[in-house]
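Q: Predicted model and sequence follow; I will ask about them next.
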Amino acid sequence: MQNLKTETDEQLVKLYEDGNDAAFDVLLDRYQKSVYGYILTIVCDVDRADDIFQDTFFKAIHYIRSHRYVDSGKFQAWLIRIARNLICDTHRRKAPIVDIADEKERARVMENPTMAVGSIEDDLHNAQTVSDLTSMITYLPEPQQEVVRMRIFENRSFKEIAQLTNCSINTALGRMRYAVINLRRMAATRDLTLVEYD
């Protein structure tokens, strides 16, 4: 039996591209500490770091499996570049903070109903989205349902999901990816907008 831990990064990528899921697990073990450390140093928030870390490897899987990874001999640097791009994307999505110096103007802005956090309308909309999502999940294949429930409703990491479902992290990520694709298709037919769960 082949000892994957002795293989180079590029050999592991090729093996994974050819369908050997265990090869990606070796790459994940090899680089998860350094990639996560890099992300956490930049974002300084454990929850955000966890999400970006998982998304980084999710994107890496997608690129490799769709034969878009270009062998440069620098796999770790490629992962860091993906992570950096994801960090930049999350920064862009955040609303700019505006400092209002005038007390009266600040009071007027804060009394505006649209500034209220957790308004009744938002709560109803979120409840409806959760209700719609829960309903749509039942149409997914059982393995996808399991991963989605654990990830979204139990807020588990993909490592935990892999352990609980007795599969590789790569398989858990793949099931989540296909579940999200299916959920988005269903949401489109119902004219819904889903949060980016992957």
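A: Noted; the coordinates are in hand.
Q: Scan the chain for its longest helix.
A: As assigned by DSSP state H, the longest helix anywhere in the chain is helix 21-43.
Q: which secondary structure elements does that one contact?
A: If contacts are counted by 3 or more Cβ pairs under 8 Å, 6 or more residues apart in numbering; DSSP states H and E, helix 21-43 sits against helix 9-17, helix 46-65, helix 75-93, helix 169-189. In short, each C-beta sits where N, CA and C put it, glycine included.
Q: and residue 19, which of the three is it?
A: With DSSP: H, G, I helix; E, B strand; the rest coil as the basis, the three-state label of residue 19 is coil.
Q: dump the residue contacts of the nearest residue to residue 20 once chain neighbours are set aside.
A: Distances taken as Cβ to Cβ, 6 or more residues apart in numbering place residue 4 nearest to residue 20, at 7.9 Å, with adjacent residues excluded. For residue 4, the contacting residues are 12, 15, 20, 22-23, 26, by Cβ atoms under 8 Å, 6 or more residues apart in numbering.
Q: Pop out the phi and psi values for residue 4.
A: Note on residue 4: backbone dihedrals following degrees, to the nearest 10 are phi -70, psi -30.
Q: per-residue confidence at it?
A: pLDDT recorded at residue 4 is 89.
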